[in-house]
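> Sequence and predicted structure, then a few things I'm wondering about:
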Amino acid sequence: MPTVIAHVSDFHFGAHDPAAADSLAGDVAAAGPALTVVTGDCTMRARRREFRQAAELLARLPAPRLVVLGNHDVPLLSVDRLLRPYDRYRAHLCADLDPVVSPPGLTVLGLNSMPRWRWKSGGVTRRQIATVVESLGAATAGSVRVLALHHPPFVGGLDRLVRRRRLEAAIVAARVDLVLAGHTHVPLAREVELVAGDRKHRLVEVVAGTATSRRTRGAGRSWTLISVDDRTVTVRRRDQDGCGWRTGETAVLDRPG
């Protein structure tokens, strides 16, 4: 039996489509995932009301769930950004900023990729990079090793993740199978080959579109259903269709390993 992961992202409550928010949980539940991963930007402006709305939706999504913080989940222009950047997120959504879950067949680590001193683009710390090796590198044989964070980690230019190269080396050392991200609102599923020293490693990167935001950037609203078996990683996009959802583009990729 394949291992099924529901990957949803970028709710942006406060700038969301009510029909998408109302129907999303039922569509995700119908897929029967072993895990639901939410890769950040649950709110638009990190307001308490928006966090309450996001928490209500999360409670309706299938458990177990792993949630990570996005750049919009940090207060924008207030003293809270300097002194208490993550307090509202922790109070309403998830107390652990770098959560780990291990449902059957999976070992999944989430990283907070939004330091308070960055505006939009992300970064990770040396401690977080060490956690990738410690948590995912210790996964049992055959377990699907998944790293989840808000910012796609392999982009360059102004969107480049701080300490990207160190993170890539840790991903190679831990032999991560899947990297899940959001942030761009544009769905993506592809194979990525990394090189760290004399070691090479191939993985699958999946970037989910926005599930409920009005800011679709021309890609529509969607979430991603991932099925992993012994040989393949199948990534199916679920697109909003009126008040419901339908299967859109599907990619079948070789399973790393």
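Here it is on my side, so go on.
> And the strands in the stretch 51-200 of the chain?
In the stretch 51-200 of the chain, the strands defined using DSSP state E, counting those that start in this stretch lie at 65-68, 100-101, 106-111, 144-149, 178-185, 188-196, 199-209.
> among those, which is nearest residue 238?
Nearest to residue 238, of all the strands of the stretch 51-200 of the chain, is strand 199-209, at 9.6 Å by C-beta to C-beta. In short, each C-beta sits where N, CA and C put it, glycine included.
> List phi and psi for the closest residue in space to residue 245 that isn't next to it in sequence.
The spatially closest residue to residue 245, leaving aside those adjacent along the chain, is residue 27, at 4.3 Å (C-beta to C-beta, 6 or more residues apart in numbering). Backbone torsions of residue 27, given as degrees, to the nearest 10, read phi -70, psi -40.
> Contacts only, for residue 27.
223, 238, 244-245 (C-beta atoms under 8 Å, 6 or more residues apart in numbering).
> Serialize the strands of the stretch 51-200 of the chain to CSV and add fields for mean neighbour count and mean pLDDT.
Shown next, in CSV, are these (neighbours: other C-beta atoms under 10 Å; pLDDT from 0 to 100):
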stretch, mean neighbour count, mean pLDDT
strand 65-68, 25, 98
strand 100-101, 16, 98
strand 106-111, 24, 98
strand 144-149, 26, 98
strand 178-185, 25, 98
strand 188-196, 15, 97
strand 199-209, 22, 97
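> Of those strands, which is nearest residue 12?
strand 178-185 (9.0 Å).
> picking up where we left off before, same list, the strands of the stretch 51-200 of the chain, but as TSV with distance to residue 75 please.
TSV is the format used below for those (distance: least, C-beta to C-beta, whole Å):
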stretch	distance to residue 75
strand 65-68	17
strand 100-101	26
strand 106-111	20
strand 144-149	20
strand 178-185	18
strand 188-196	29
strand 199-209	24
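> Out of those, which gets nearest to residue 159?
Of all the strands of the stretch 51-200 of the chain, strand 178-185 sits nearest to residue 159, with 8.6 Å by C-beta to C-beta.
> Can you get me a residue count around the closest residue in space to residue 160 that isn't next to it in sequence?
Among residues not flanking residue 160 along the chain, residue 121 sits closest, at 7.1 Å (C-beta to C-beta, 6+ apart). Neighbours of residue 121 under the rule other C-beta atoms under 10 Å: 18.
> Dump stretch 219-238 to PDB, keeping only the CA atoms.
Taking C-alpha atoms only, stretch 219-238 is exported to PDB below (Å, rounded to 0.1, in the frame of the first residue of the first chain):
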ATOM      1  CA  ALA A 219      -2.200  29.400 -11.000                       C
ATOM      2  CA  GLY A 220      -5.600  29.000  -9.400                       C
ATOM      3  CA  ARG A 221      -6.200  27.500  -5.900                       C
ATOM      4  CA  SER A 222      -4.900  24.000  -5.300                       C
ATOM      5  CA  TRP A 223      -3.500  21.500  -2.800                       C
ATOM      6  CA  THR A 224      -1.300  18.500  -3.500                       C
ATOM      7  CA  LEU A 225      -1.800  14.700  -2.900                       C
ATOM      8  CA  ILE A 226       1.400  12.700  -2.700                       C
ATOM      9  CA  SER A 227       1.500   8.900  -2.900                       C
ATOM     10  CA  VAL A 228       4.800   7.100  -2.200                       C
ATOM     11  CA  ASP A 229       5.300   3.400  -3.000                       C
ATOM     12  CA  ASP A 230       8.400   1.200  -3.300                       C
ATOM     13  CA  ARG A 231       9.200   2.600  -6.800                       C
ATOM     14  CA  THR A 232       7.500   5.900  -7.400                       C
ATOM     15  CA  VAL A 233       6.300   9.200  -6.000                       C
ATOM     16  CA  THR A 234       3.000  10.300  -7.500                       C
ATOM     17  CA  VAL A 235       2.100  13.900  -7.100                       C
ATOM     18  CA  ARG A 236      -1.500  14.800  -7.900                       C
ATOM     19  CA  ARG A 237      -2.700  18.400  -7.900                       C
ATOM     20  CA  ARG A 238      -6.200  19.000  -6.600                       C
END
